[in-house]
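[1] Turn this into a model:
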Amino acid sequence: MNLNSINNVFFIGIGGIGMSALARYFKSIGKHVSGYDKTATEITEALGDLGISVHFEDDLNRVDKAFLEKDKTLVIYTPAIPKQHSQLNYFKENSFTVLKRSQILGTITENTFCLAVAGTHGKTTTTSILGHLLYECDVKLTAFLGGISENYNSNLILNGDAVSVVEADEFDRSFLTLSPNFACITSMDADHLDIYGDASELKKSFEDFSKKIKKEGKLFVKNGLPLNGISYGIEDGSDYEILNIKIKNGTYIFDVKTPQTAIKNIEFNLPGRHNLSNALVAFAMALEYGCEAQRLVSALASYKGVKRRFTYQIKTEDLVFIDDYAHHPEEINAVHSAVREMYPAKKVLAIFQPHLFSRTKDFADGFAESLSQFDEILLLDIYPARELPIEGITSEWLMGKVNNPNKKLIQKGEILSAIKASEATVILVIGAGDIGEEVKHIKQGLSIAS
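    Below you'll find the predicted structure:
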């Protein structure tokens with residue numbers, strides 16, 4: 001489609017992290033942007049500050065009349081929107097141009113040099129690191145992020161339109177709308193089984209994605225995954241390999257072996273071996289694109305992270321409060337590994353909000369095992385997102401599987417008092433639901449208490 005002929009862009013689900021990045025992009029290129037979302041959040045508030053009108057009722061009368069001009073309006077929606085949504089159905093039934101977020105992302109990036117980051121874990125952090133590295137190397141890029149970058153306080157990095165950096169999302173097979181020049185695959189653990197049915201179908205979709213890479217393009221694959229490409233890993237003989245890891249004042253210092261050379265004493269400030277792996281593949285992709293190695297070393301040292309990805313809210317000798325988006329057993333394992341590496345002698349309390357009834361059902365044993373590793377666990381009700389309840393699938397049911405005596409079911413309003421009753425000095429908030437909205441209140445309460 002010809003985006004130049006479009007004056008107005010209306011988003012259904014505008015408050016989603018990926019959707020809001022697109023809203024920012026269209027606003028930046030001079031389009032009139034508006035949208036609907038279910039609830040007001042910090043993201044919708046930030047869009048309002050940019051002059052983007054957002055409403056929270058599924059009512060066609062709330063849509064500005066200008067956006068009802070069929071020939072001048074593009075409608076973008078997220079698959080998380082229910083099928084009975086009246087605004088979405090109006091636009092579809094009246095022959096508006098209605099596209100999924102992934103489809104319009106494919107359109108925007110098709111005439112750029114596209115670097116795509118795929119994987120069931122690590123997409124957002126890796127995309128954010130890659131966008132930052134290229135920006136610091138003066139590449140004319142637009143990066144669409146699935147989280148708010150701490151460096152740019154945005155989920156959009158805008159410095160030109162020659163290069164695009166995107167998350168290639170496996171949910172709903174969305175990444176098959178992309179045709180990247182470079183792509184990486186960080187992980188292929190079973191997830192989204194409500195969409196795929198079983199892990200073999202998910203694996204096939206990643207294989208299909210790898211075939212979407214343009215001729216003369218490059219695929220970067222974490223060592224051990226069943227795909228052919230440029231391999232990367234930590235002390236495992238990969239094409240791109242991290243060696244000689246040290247930790248100094250909470251900062252990783254390491255060397256990188258490339259197919260051609262070795263680069264010494266690289267610094268990176270995000271905790272966790274999983275984040276080292278993410279940094280490595282972003283570094284490799286930027287180097288293969290043509291960035292100069294020493295500029296990349298400097299850029300990596302200045303990278304601050306993504307909000308809700310092992311984000312320190314409080315960091316003192318007596319109390320550490322960390323917020324993380326982890327919502328899959330392997331992601332919780334990665335958070336646990338990182339916090340134990342950084343704070344081996346401290347007691348750790350994890351507060352977890354499960355995300356989706358189907359995911360909780362499919363991975364209950366994995367969740368139970370990963371949560372059992374913490375010294376103390378507080379479990380919230382399941383966040384439904386796009387789903388209706390599944391009979392018998394509750395947080396109480398999940399808690400019964402957790403093999404740890406220091407466990408308790410709580411409501412959101414009880415979080416602060418439960419933390420204060422604990423002897424733990426490292427506090428983790430984990431989950432992809434609305435638990436993120438509670439973090440600022442918890443931080444405030446803990447700061448006052450301390």
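
[2] Now do the buried residues in stretch 431-439.
    The neighbour-count check on stretch 431-439 (16 or more other CB atoms under 10 Å) flags 431, 432, 433, 435, 436, 438, 439 as buried. To be clear about C-beta, it is placed using only N, CA and C from the backbone, and glycine gets the same treatment.

[3] Out of these, which is nearest to residue 394?
    Checking the buried residues of stretch 431-439 against residue 394 with CB to CB, the nearest one is residue 433 at 14.7 Å.

[4] For the closest residue to the closest one other than its chain neighbours, what are phi and psi?
    Closest residue to residue 433 apart from its sequence neighbours, by CB to CB, 6 or more residues apart in numbering: residue 383 at 2.7 Å. Backbone geometry at residue 383, expressed as degrees, to the nearest 10, gives phi -80, psi 120.

[5] so what's residue 383 bridging to?
    residue 355 (DSSP bridges).

[6] ok so, going back, got CSV for the buried residues of stretch 431-439, with distance to residue 354, pLDDT and secondary structure too?
    Below are the buried residues of stretch 431-439 laid out as CSV (distance: CB to CB, whole Å; pLDDT from 0 to 100; DSSP: H, G, I helix; E, B strand; the rest coil):
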residue, distance to residue 354, pLDDT, secondary structure
431, 7, 95, coil
432, 9, 90, coil
433, 8, 89, coil
435, 10, 91, helix
436, 14, 87, helix
438, 15, 90, helix
439, 17, 92, helix
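
[7] and the residue nearest to residue 433, how many residues sit next to it?
    Residue 383 has 18 neighbours, counted by other CB atoms under 10 Å.

[8] correct me, but it touches residue 352?
    No - judged on CB atoms under 8 Å, residue 383 makes no contact with residue 352 at a distance of 10.6 Å.

[9] list residues touching both of these two?
    With contacts taken as CB atoms under 8 Å, 6 or more residues apart in numbering, residue 383 and residue 352 have residue 431 as neighbours in common.

[10] For residue 360, pull up the helix or strand it's in.
    helix 357-362 (DSSP states H and E).

[11] Can you pull out the residues in contact with the helix or strand following that helix?
    The helix or strand immediately downstream of helix 357-362 is helix 364-371, counting by DSSP H and E. Contact with helix 364-371 is made by 328-330, 332-333, 336, 350, 352, 354, 360, 377, 379, 397-398, 401-404, 407, as judged by CB under 8 Å, 6+ apart.

[12] Just the buried residues out of those, in PyMOL syntax.
    Buried residues within the contacts of helix 364-371, by 16+ other CB under 10 Å, are selected in PyMOL with:
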select buried, resi 328+329+330+332+333+336+350+352+354+360+377+379+398+402+407
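
[13] element containing the residue nearest to residue 445 when sequence neighbours are not counted, please.
    Leaving aside its sequence neighbours, residue 445 sits nearest to residue 416 (CB to CB, 6+ apart; 4.4 Å). Under DSSP H and E, the secondary-structure element containing residue 416 is helix 415-420.

[14] avg pLDDT for the very next helix or strand once past that helix?
    Downstream of helix 415-420, the first helix or strand assigned by DSSP H and E is strand 426-430. For strand 426-430, the mean pLDDT works out to 96.

[15] tell me the contacts of the residue nearest to residue 433?
    Neighbour list for residue 383: 353, 354, 355, 356, 431, 432, 433, 434, 435 [criterion: CB under 8 Å, 6+ apart].

[16] okay, now the fourth one: neighbour count?
    I take that to be residue 356. 22.

[17] Repeat that for the third one.
    Other residues near residue 355 number 23, with proximity taken as other CB under 10 Å.

[18] wait, doesn't it sit right on residue 387?
    No - contact criterion CB under 8 Å: residue 355 and residue 387 do not qualify, at 9.7 Å.

[19] quick one: the helix of greatest length in the chain to chain centroid distance?
    Using DSSP state H, we find that the single longest helix of the chain is helix 273-289. What separates the centre of helix 273-289 from the centre of its chain is 16 Å, taken as CA atoms, centre = their mean, to the nearest Å.

[20] And the next helix or strand past that helix?
    With DSSP H and E, the next secondary element past helix 273-289 is helix 293-301.

[21] name the helices or strands packed onto that next one?
    In terms of contacts (3 or more CB pairs under 8 Å, 6 or more residues apart in numbering; DSSP states H and E), helix 293-301 is packed against helix 123-136, strand 262-268, helix 273-289.

[22] Among these, show me which one is buried the most.
    Greatest average neighbour count among these goes to helix 123-136 (a mean of 27), per mean count of other CB atoms under 10 Å.

[23] Can you check what angle separates that one from strand 262-268?
    With axes from the mean of the first three to the mean of the last three CA atoms, to 10 degrees defining the directions, helix 123-136 sits at 110 degrees from strand 262-268.

[24] related to what we said a few turns ago, among the contacts of helix 364-371, which are located in strands?
    In this view, the contacts of helix 364-371 that belong to strands under DSSP state E are 350, 352, 377, 379, 407.

[25] thinking again about what came up before, what's the helix holding residue 416 packed up against?
    The elements that helix 415-420 packs onto, with contact taken as 3+ CB pairs under 8 Å, 6+ apart, are strand 348-352, strand 376-379, helix 439-449.

[26] With distance to residue 57 added, can I get those in JSON lines?
    What follows is the helices and strands packed on helix 415-420, written out as JSON lines (distance: least, CB to CB, whole Å):
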{"stretch": "strand 348-352", "distance to residue 57": "32"}
{"stretch": "strand 376-379", "distance to residue 57": "33"}
{"stretch": "helix 439-449", "distance to residue 57": "26"}
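
[27] Residue 263: which of these is closest?
    With CB to CB as the yardstick, what comes closest out of those is strand 348-352 (34.0 Å).

[28] Per-residue pLDDT of residue 142, please?
    On pLDDT, residue 142 comes in at 97.

[29] ok, it - contacts?
    25, 108, 112, 156, 157, 158, 159, 160, 161, 163, 164, 165 are the contacts of residue 142 under CB under 8 Å, 6+ apart.

[30] go again using 6 Å as the cut-off
    By CB atoms under 6 Å, 6 or more residues apart in numbering, the residues touching residue 142 are 158, 161, 164.

[31] quick one: which of those residues is most hemmed in?
    For these, the largest neighbour count, defined by other CB under 10 Å, is 24 neighbours, found at residue 164.

[32] Residues touching the helix or strand hosting that residue, excluding its own?
    Residue 164 belongs to strand 163-168 when assigned by DSSP H and E. Strand 163-168 is contacted by residues 105, 109, 112-118, 123, 127, 130-131, 139, 141-144, 146, 175, 178 when judged by CB under 6 Å, 6+ apart.

[33] State the next helix or strand along the chain beyond it.
    Moving toward the C-terminus from strand 163-168, the next helix or strand (DSSP H and E) is strand 182-185.
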